[in-house]
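>>> Just a sequence and a predicted model for now, questions to come.
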Amino acid sequence: MSIDLKGTGVALVTPFTKNNEVDYVALEKLVQHVISGGVNYLVVLGTTGESVTLSKEEKKKVVAKVIAVNAGGLPVVLGLGGNHTAELLSELKHTDLTGIDALLSVSPAYNRPSQEGIYQHYAALAQKSPLPILLYNVPTRTGATVEVETTLRLAKEFKNIVAMKDASAGVQQCMDMLYGAPEGFVVTSGDDSLALPMMALGAQGLISVIANAYPAETAAIVNAALKGDFATARAMHYKLMPVMKVIFEDGNPAGVKYFLHKLGLMENVLRLPLVSVKKETAAKIDKMF
């Protein structure tokens with residue numbers, strides 16, 4: 001039960017046609033694009049993939065397409081989370097995990113459990129999961145943070161809890177996790193703009209949104225930082241910084257989908273309640289092409 005989570009993971013978007021159906025042709029092009037760009041693993045059905053707006057059948061087909069195009073080339077991480085623990089365990093039981101190497105499970109959203117509740121939620125998942133688990137802390141979306149003590153408690157008690165995708169924007173939290181983490185536990189950034197400073201502290205990679213559009217550039221930053229070449233990583237980081245700033249102005253994945261549309265990889269379509277970038281934001285992006 002092992003997976004190498006060092007380097008660049010890409011949180012794949014889900015392309016839609018103008019009729020708002022899943023565009024499997026564009027999805028194939030996207031997967032080929034990021035693989036050829038040099039990312040290290042693929043993350044499917046995460047927040048960036050608009051998974052909450054996909055039907056069960058669409059989810060199955062999206063996962064199957066990604067696995068087929070990847071053809072065993074890179075590890076595949078499946079987003080599988082929720083705020084109803086029993087329902088999550090049922091979903092895990094009935095999900096075909098063939099071709100999946102690990103699970104990315106966001107902490108429960110909306111009902112805002114206590115730290116003990118978060119611990120018990122993940123403990124229940126760990127006891128049932130046949131695959132390694134990446135915890136995912138994104139308090140701006142969930143309404144509750146996964147505190148360092150809870151993360152380390154889980155990491156030390158369950159061998160299949162192997163990593164934390166941290167999008168808390170807390171550099172001190174990152175340091176505290178890295179300081180107390182058991183051997184082999186990976187901390188990876190969930191925020192493109194904070195990947196470099198987090199890696200300077202010892203984080204081991206990034207699960208990226210921007211890598212959908214610019215996989216080679218993103219991977220180059222991460223690879224340089226992993227080698228300890230922070231002068232090179234910093235120069236490339238600042239070169240990509242204008243993209244980092246504008247791509248999230250109107251939320252995720254609105255910005256990255258507009259970039260991907262400009263690159264000719266897919267239609268600029270999102271499912272409600274998400275909408276495309278504002279005209280002003282689109283104009284800023286247009287000037288980059």
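That came through fine.

>>> centre of the chain versus stretch 117-127, how much separation?
With CA atoms, centre = their mean, to the nearest Å as the basis, stretch 117-127 stands 20 Å off its chain's centre.

>>> ok, residues contacting it?
The contact list for stretch 117-127, computed with CB atoms under 8 Å, 6 or more residues apart in numbering, reads 85, 88-89, 92, 103, 105, 107-108, 113, 133, 135, 144, 146, 150, 153-154, 157-158, 160-161. All C-beta atoms are positioned from the backbone trio N, CA, C, and that covers glycine.

>>> Narrow those residues to those that are buried.
Among those, those classed as buried by 16 or more other CB atoms under 10 Å are 85, 88-89, 92, 103, 105, 107-108, 113, 133, 135, 144, 146, 150, 153-154, 158, 160-161.

>>> Helix or strand with the lowest mean pLDDT in the chain?
Here the helix or strand of the chain ranked lowest by mean pLDDT, DSSP states H and E is helix 139-142, holding a mean of 90.

>>> which of the residues in it are buried?
139, 142.

>>> neighbouring contacts of it?
Residues outside helix 139-142 that contact it (CB under 8 Å, 6+ apart): 47, 106-110, 112, 145-146, 167-169.

>>> For this structure, just list every one of the strands.
Along the chain, counting by DSSP state E, strands occupy 7-11, 41-44, 76-79, 102-106, 133-137, 161-166, 186-189, 205-208.

>>> In a markdown table: those, plus distance to Leu30 and mean pLDDT.
Shown next, in a markdown table, are these (distance: least, CB to CB, whole Å; pLDDT from 0 to 100):
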| stretch | distance to Leu30 | mean pLDDT |
| --- | --- | --- |
| strand 7-11 | 9 | 98 |
| strand 41-44 | 10 | 98 |
| strand 76-79 | 14 | 98 |
| strand 102-106 | 18 | 98 |
| strand 133-137 | 21 | 97 |
| strand 161-166 | 20 | 97 |
| strand 186-189 | 21 | 96 |
| strand 205-208 | 13 | 98 |
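
>>> Need the winner for burial among these.
Highest mean neighbour count of the strands of the chain: strand 205-208, a mean of 29 (counted as mean count of other CB atoms under 10 Å).

>>> which residues sit against that one?
So strand 205-208 is contacted by 5-11, 39-40, 43, 46, 104, 165, 186, 188-190, 192, 195, 199, 218, 222, 226 (CB under 8 Å, 6+ apart).

>>> could you redo the last one with a cut-off of 7 Å?
Residues from elsewhere that reach strand 205-208 (CB atoms under 7 Å, 6 or more residues apart in numbering): 5-11, 43, 165, 188-190, 192, 195, 218, 222.

>>> Report the distance from that strand to the chain centre.
On CA atoms, centre = their mean, the centre of strand 205-208 falls 7 Å from that of its chain.

>>> Same check on stretch 122-130?
20 Å.

>>> Lys18 against Val269, yeah?
Yes: using CB atoms under 7 Å, Lys18 is in contact with Val269, at 6.4 Å.

>>> Between those two, which is the more surrounded one?
Legend: neighbour count by other CB atoms under 10 Å for Lys18 and Val269, higher for Val269 (20 against 9).

>>> measure the more buried one to Gly82 for me?
26 Å (CB to CB, to the nearest Å).

>>> swap in Ala235?
41 Å.

>>> Name the residue in these two with the higher neighbour count.
A direct count of neighbours by other CB under 10 Å for Ala235 and Gly82 places Gly82 higher, at 19 against 12.
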